[in-house]
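**Student:** below are the sequence and a predicted model; questions follow.
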Amino acid sequence: MFEVTVKAANEIKRLLEGEDIPNAVLRVRVVPGGCSGFSYEMGFDDTTEDTDKVVEMDGIKVAIDEMSLPYLSGAILDYSDGLSGTGFAIKNPNAKGSCGCGSSFNV
């Protein structure tokens, strides 16, 4: 399905501490755009739809809409805070290629 590393889950929890969102979920979506065809969107939400796939792990909930689910199946959300950059990254086995900057992908 979709996984979240412990490091990413801890960063999500840290970010949620500054938000006033009851029943918060991290919504992850795939949207058309970017130089390779698709890009990821992530943000906090306080509602889910009946058609969302909700994954709960390490104390956080992730909601993925039914249109994005096939693109994110088997993907892993990770967080890096090293010398080569800081931020979230999705390791997606469904992506056949990505743009040079890494912000979009194709299938």
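**Tutor:** Right, received. Where do you want to start?
**Student:** check contacts around the residue nearest the centre of the chain.
**Tutor:** The residue at the geometric middle of the chain, judged as the C-alpha nearest the mean C-alpha position with CA atoms, centre = their mean, is residue 28 (4.1 Å). Taking CB atoms under 8 Å, 6 or more residues apart in numbering as the contact definition, residue 28 lies against 2, 40, 41, 42, 62, 63, 64, 68, 72, 77, 90. All C-beta spots, glycine's among them, are computed from the backbone N, C-alpha and C.
**Student:** give me the phi and psi for the residue of the chain most remote from its centre.
**Tutor:** Of all residues in the chain, the one whose C-alpha sits farthest from the chain's mean C-alpha position, using CA atoms, centre = their mean, is residue 83 at 21.9 Å. The phi and psi torsions at residue 83 (degrees, to the nearest 10) take the values phi -70, psi -30.
**Student:** equivalent analysis for residue 89, please.
**Tutor:** Given degrees, to the nearest 10, the pair of backbone angles that residue 89 has is phi -140, psi 140.
**Student:** cool, thanks, talk later.
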